[in-house]
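*Asks:* Coordinates for the following, if possible.
(chains A and B)
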Number of protein chains: 2
Amino acid sequence: MIRIGVDAMGGDFAPDAAVSGAVLALQHLKADERIVLFGDKQQIIDILARENVSPDKFDIVHASEVIEMGEHPSKAFSKKTDSSIVKGFMALAAGQIDGFASAGSTGAMMVGAFMVVKQIPGVIRPGIAGFIPVSENKLNLILDVGLNPDCRPDVLFQYGKLGSIYAKQVLGVDNPRVALLNIGEEEEKGNLITKGAFELMKETSEFNFVGNVEGHHLFHDKKADVIVCDGFVGNVVLKEAEAFYHLLKKFNPDNTFIERFNSENYGGTPVLGVNKPVIIAHGASSPVAIMNMIIQTREVITSNLCEKIKNAFV
Amino acid sequence: MIRIGVDAMGGDFAPDAAVSGAVLALQHLKADERIVLFGDKQQIIDILARENVSPDKFDIVHASEVIEMGEHPSKAFSKKTDSSIVKGFMALAAGQIDGFASAGSTGAMMVGAFMVVKQIPGVIRPGIAGFIPVSENKLNLILDVGLNPDCRPDVLFQYGKLGSIYAKQVLGVDNPRVALLNIGEEEEKGNLITKGAFELMKETSEFNFVGNVEGHHLFHDKKADVIVCDGFVGNVVLKEAEAFYHLLKKFNPDNTFIERFNSENYGGTPVLGVNKPVIIAHGASSPVAIMNMIIQTREVITSNLCEKIKNAFV
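*Replies:* Next comes the predicted model:
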């Protein structure tokens, strides 16, 4: 049995959007897959009643507290021991669930990922990954997208390795091509960090490094499947793509490719380099975004990603 | 008389595109404005004959050599003393032209800007600026977009100042709002460099600092008129926007707002912080892009931008 832990209290529209998203996800689950909701039991049951869904479809772990978006993450995590996020991480650590996902406080999720789940030995700094549509049915992976705004070259190197494993195991890309996001394609281009990272990557056998790519290579996969950059650059890149999506949706409301830039379709951002599956979603997540977050969490769990990463970093 | 120096041999499609662009620019010039073409005199005259334009409409300074895109910029600059770029910079230094623009070797243009024109005293590192459309008839300025991939906080601070002066003098924005491109709007967000820059900017009276903006704020001007970032981030941002333009043009070939993302419309990138107007255009510039480069050079000259910057940095 695979148990997918979901924070029912996380996100700007929780618990309604979170519980409704979990209901939407039900139809995508296999017989041996089950969603475990963490949150206010009565509220969850009331929403399920409104949706005409039996509470038996879920496991529900009651949590009487909620870590709010504005709270100091580590203080809130240590004080609110009966919050949905803390109880989710406790269950994850105890093996009662196989992964945990939330659209709630990103900071508190990070505290849980680092302090409870902990990073995989050998990983210098975990990163978070984002997705970029490159065709009607393919996504490229970009990392880091905000966890480490200041990256050393060896951290970027490891992001190449982490991204390569994710692309292979979860996205199903064979021998993923890993590129360094840079300001020129030539080896000598870049800032101090990317120049150092290029040196480390150029002759590696740990992943399939294909060299530098530039900003205009982001939305096709002619060159790469995984794009490596520091968390500052990756964050700006993803948010710029989001801005484009909103800008262009009004011109092309029905264009399916443009619709792929809608971050709702991906549902969440996996934390790569920690011992268990942790997925963080946008605070403004709708039920559909929550559903996709849950499906993505299931993919990370069933692909056995964390074990694969552990083995690669031994 | 205002004399606008133009490299007739610069760009992937030179001299044809460069000379044709100069012809297109003629109609936008006032009576006291004149284009000075640097390049192979006979080739220039032949192209003008094909366009049915009298050579008398231009001043032509013969240059027998061309610095090619693949050449080492500083070596080529010191060896090819009869090249169009070197002769252009010599004329600029001698006051025979008031500004110089080229779609040729960016590296050689930078050598000329730094070694011949030289940076303005007090400017730590000159930067290059790019443009982002924010509405049908307004552009925001973003800098640096590639000259300094590694910026110290005090350099970012000066980019705020340089960008503010450009927006006011050339774009005509009253009291331009300057924002720092960051990964969160809160003061404590960012990498080491933006955190340091925020500290320097937050109480400055040298420009109108409005705080942090994020990648999703780039394509409107609700928050800022000038966006400050290091040259690595700015380069990725502009090239990502270029990628979007190409991606979306096929869906919306006639959309005027999307067409504003076409970098051809801006024609060039001003080098900010050097003593005289130097404008660099994309190698792939078409005649229309060259025309816009020339018009932009004229605007930089007539706005007296360089003097305004000098006065601000005294």
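*Asks:* and the residue in the stretch 1-150 of chain A positioned nearest to chain B, how many neighbours?
*Replies:* Closest approach between the stretch 1-150 of chain A and chain B, counting by CB to the nearest CB: A:P149, at 3.7 Å. (C-beta placed from N, C-alpha, C; glycine too.) The local packing of A:P149 (other CB atoms under 10 Å in any protein chain shown) involves 22 other residues.
*Asks:* hang on, it is in a strand, isn't it?
*Replies:* No. Assigned with DSSP: H, G, I helix; E, B strand; the rest coil, A:P149 falls outside any strand and is coil.
*Asks:* can I assume it is in contact with B:I183?
*Replies:* Yes. Here A:P149 reaches B:I183: they are 5.9 Å apart, a contact under CB atoms under 8 Å.
*Asks:* Overlap in contacts, these two.
*Replies:* Shared contacts of A:P149 and B:I183 (CB atoms under 8 Å, 6 or more residues apart in numbering or on different chains): A:G231, A:F232, A:N235, B:G190, B:N191.
*Asks:* what's the next secondary structure element after the host helix or strand of A:L141?
*Replies:* If you go by DSSP states H and E, A:L141 is part of strand A:138-143. Using DSSP H and E, the helix or strand that follows strand A:138-143 towards the C-terminus is helix A:153-169.
*Asks:* circling back: any chance of the shared contacts of A:P149 and B:I183 in JSON lines, plus neighbour count?
*Replies:* Shown next, in JSON lines, are those (neighbours: other CB atoms under 10 Å in any protein chain shown):
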{"residue": "A:G231", "neighbour count": "23"}
{"residue": "A:F232", "neighbour count": "28"}
{"residue": "A:N235", "neighbour count": "28"}
{"residue": "B:G190", "neighbour count": "22"}
{"residue": "B:N191", "neighbour count": "21"}
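*Asks:* how close does A:G234 sit to B:L181?
*Replies:* Using CB to CB, to the nearest Å, A:G234 is found at 13 Å from B:L181.
*Asks:* ok, those two, which is more surrounded?
*Replies:* The residue with more neighbours, out of A:G234 and B:L181, is A:G234; 30 against 26, by other CB under 10 Å.
*Asks:* quick one: contacts for the residue nearest to that one when sequence neighbours are not counted?
*Replies:* Here the nearest residue to A:G234 in space, its sequence neighbours aside, is A:V145; by CB to CB, 6 or more residues apart in numbering or on different chains that works out to 3.8 Å. By CB under 8 Å, 6+ apart, A:V145 lies in contact with A:G127, A:I128, A:A129, A:G130, A:G231, A:G234, A:N235, A:V237, A:L238, A:T269.
*Asks:* can the helix or strand encompassing the third one be found next to chain B?
*Replies:* Under DSSP H and E, the secondary-structure element containing A:A129 is strand A:127-135. No. For a cut-off given as CB under 8 Å from any CB of the partner chain, strand A:127-135 has no contacts with chain B; the smallest distance is 9.9 Å.
*Asks:* tilt between that strand and strand A:138-143?
*Replies:* 150 degrees (axes from the mean of the first three to the mean of the last three CA atoms, to 10 degrees).
*Asks:* which neighbours does strand A:127-135 have in its sheet, and in what orientation?
*Replies:* Strand A:127-135 has its sheet partners listed here by DSSP bridges as strand A:138-143 (antiparallel), strand A:269-272 (antiparallel).
*Asks:* To A:G99, which of those strands lies closest?
*Replies:* Checking these against A:G99 by CB to CB gives strand A:269-272 as the closest, at 9.4 Å.
*Asks:* Identify the neighbouring strands of whichever helix or strand comes after the closest one in the sheet and state each direction.
*Replies:* Remark: after strand A:269-272, the chain's next helix or strand is strand A:278-280, criterion DSSP H and E. Sheet pairing of strand A:278-280 (DSSP bridges) gives strand A:99-102 (parallel), strand A:269-272 (antiparallel).
*Asks:* pLDDT on strand A:278-280, on average?
*Replies:* When pLDDT is averaged over strand A:278-280, the result is 96.
*Asks:* List of residues touching it?
*Replies:* A:92, A:99-103, A:106, A:109-110, A:112-113, A:117, A:128, A:267-271, A:293, A:296-297, A:300.
*Asks:* For stretch A:127-141, which outside residues touch it?
*Replies:* A:142-148, A:155, A:159, A:162-163, A:166-167, A:171, A:218-221, A:224-227, A:231, A:234, A:237-238, A:241, A:256-257, A:260-261, A:266, A:269-273, A:280.
*Asks:* go with 6 Å
*Replies:* A:142-145, A:147, A:159, A:163, A:166-167, A:218, A:220-221, A:225-226, A:238, A:260-261, A:266, A:269-272 (CB atoms under 6 Å, 6 or more residues apart in numbering or on different chains).
*Asks:* Could you give me the PyMOL syntax to select whichever of those are buried?
*Replies:* The command below creates a PyMOL selection of those among the contacts of stretch A:127-141 that count as buried (16 or more other CB atoms under 10 Å in any protein chain shown):
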select buried, chain A and resi 142+143+144+145+147+159+163+166+167+218+220+221+225+226+238+260+261+266+269+270+271+272
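*Asks:* Just to be sure, A:F114 is in a strand?
*Replies:* No. Read with three-state DSSP, A:F114 is helix and lies in no strand.
*Asks:* How much space separates it from B:Y266?
*Replies:* The value you get for A:F114 to B:Y266, if CB to CB is used, is 44 Å.
*Asks:* Please apply the same query to A:L37.
*Replies:* Counting by CB to CB, the gap from A:L37 to B:Y266 is 52 Å.
*Asks:* How about the residues of the stretch 201-314 of chain A by chain B?
*Replies:* Residues of the stretch 201-314 of chain A that fall close to chain B, judged by CB under 6 Å from any CB of the partner chain: A:214-216, A:218-219, A:232-233, A:235-236, A:239-240, A:242-244, A:247-248, A:251-252, A:255.
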